[in-house]
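S.K.: let me see the structure of the following:
(one chain, ligands or ions: 1)
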Amino acid sequence: MPGEPGRGSAATEADRRWLCEAIELSRCSPPSASAFAVGAVVVAADGTVLATGYSREGGPKDHAEEVALAKLGQGLGLGGVVGSGLAERGVAGSELAERGVTIYSSLEPCRFRASRPRPCAELIIEAGLRRVVIAWLEPPLFAAGGGAGLLRAAGVTVVEIGGLAAEARAVNAAVLGE
Ligand SMILES: [Zn+2]
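M.R.: Numbering: from 1, shown residues only. Below is the predicted model:
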């Protein structure tokens, strides 16, 4: 396992390795011509994996981050409904924030989406996660990006590891027309 996540706005070697795990997970996504393949890993401050998710894991509209957050809710004994915010299910966001939980996503969490009402950036904020590590920003192909900006406006630390962008993009070569 890659070890303890970093804590600030600078990416650590462990962050890079965890993000590689998220990119590997993105390869599990069933192919789609109208959505990206994304992987997400939620990691506690001590380096324990709390939850994982990938695009379309449980159904054709699933996003990686919402799948992971729903599993996180299940792990906390809250049941799990994909797309429902943890806050709505009674999880104190500050609790997760205090635990120093980081979510790694191979792509910037969405701010706008057509398929479901709650974008992943909002779900992350509601869940109380305070640190997000991503490989690349969402290109405006299927929806406008902007998730990173929304997260930062809410006080969430967003760390972009551009050195892994090419690898994360390569998983999506077909949908990008590359
Ligand atoms: Zn999303």
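
S.K.: residues of the chain that sit close to the ion?
M.R.: 63, 110, 120 (Cβ under 5 Å from the ion). The way it works is simple: take the backbone N, C-alpha and C, and place the C-beta from them, glycine included.

S.K.: give me the pLDDT for residue 101.
M.R.: Reported pLDDT at residue 101 in the predicted model: 90.

S.K.: just the pLDDT for residue 84.
M.R.: 47.

S.K.: hmm, I typed the wrong one, I wanted residue 140.
M.R.: 87.

S.K.: so which of the residues of the chain next to the ion are in helices?
M.R.: For the residues of the chain next to the ion, the ones inside helices are residue 120, with DSSP state H as the criterion.

S.K.: turn the residues of the chain next to the ion into CSV, columns for pLDDT.
M.R.: Shown next, in CSV, are the residues of the chain next to the ion (pLDDT from 0 to 100):
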residue, pLDDT
63, 95
110, 95
120, 95
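
S.K.: show me which of the residues of the chain next to the ion are buried.
M.R.: Listed as buried from those are 63, 110, 120; burial here means 16 or more other Cβ atoms under 10 Å.

S.K.: pretty sure the last one is in contact with residue 147, am I right?
M.R.: Pointing back at residue 120 there. Yes: in this structure, residue 120 is within contact of residue 147 by Cβ atoms under 8 Å, at 6.7 Å.

S.K.: for residue 51, name its beta-bridge partners.
M.R.: Here residue 51 sits in beta bridges with residue 42, going by DSSP bridges.

S.K.: cool, thanks, signing off.
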